[in-house]
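Asks: With the sequence up front, the predicted model follows.
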Amino acid sequence: MLADACQEFGVRAVVCYGATDRNGGAAEGRRGIDECRRFLRANRRPLVRGLVGLHASFTCSEETLREAAAAGARAWAR
């Protein structure tokens, strides 16, 4: 995993998964955002931080964009 390699080699990093609706519709977008949430909760690497990420905005529905914004706002509110 990229986050593990960054930690191992002493590289600071901010990583995310690029959620998209382009192949599987809204369900795919939700799975991508769920992966971002999972990483934010589980990451314990001191040199690596996570963000809620999106693929190019034209590959995401407005619903996915809103859900990603809400997930990001909740993550930063902690």
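Replies: All right, it came through fine.
Asks: On the pLDDT front, check the residue of the chain most remote from its centre for me.
Replies: Among residues of the chain, the one most distant from the C-alpha centroid is residue 9; the distance is 22.1 Å, by Cα atoms, centre = their mean. The per-residue pLDDT reported for residue 9 equals 98.
Asks: Now do the helices in the protein.
Replies: Taking DSSP state H as the criterion, the chain contains helices spanning 2-9, 25-42, 62-77.
Asks: which stretch among those comes nearest residue 16?
Replies: Comparison of these against residue 16 by Cβ to Cβ identifies helix 25-42 as nearest, at 5.9 Å. Quick note: C-beta positions are derived from backbone N, CA and C, even for glycine.
Asks: buried sites along that closest one?
Replies: Within helix 25-42, the residues that count as buried by 16 or more other Cβ atoms under 10 Å are 28, 29, 30, 32, 33, 35, 36, 37, 39, 40.
Asks: Please report how far the second one lies from residue 13.
Replies: In this view, residue 29 and residue 13 are 24 Å apart by Cβ to Cβ, to the nearest Å.
Asks: what do you get for the fifth one?
Replies: The gap separating residue 33 from residue 13 is 20 Å, by Cβ to Cβ.
Asks: And for the third one?
Replies: Here the criterion is Cβ to Cβ. By it, residue 30 lies 25 Å from residue 13.
Asks: Which helix or strand in this protein has the lowest average pLDDT?
Replies: Comparing helices and strands within the chain by mean pLDDT, DSSP states H and E singles out helix 62-77 as the least confident, with a mean of 92.
Asks: Now do stretch 69-78: everything it contacts.
Replies: Residues from elsewhere that reach stretch 69-78 (Cβ atoms under 8 Å, 6 or more residues apart in numbering): 33, 36, 37, 40, 50, 51, 52.
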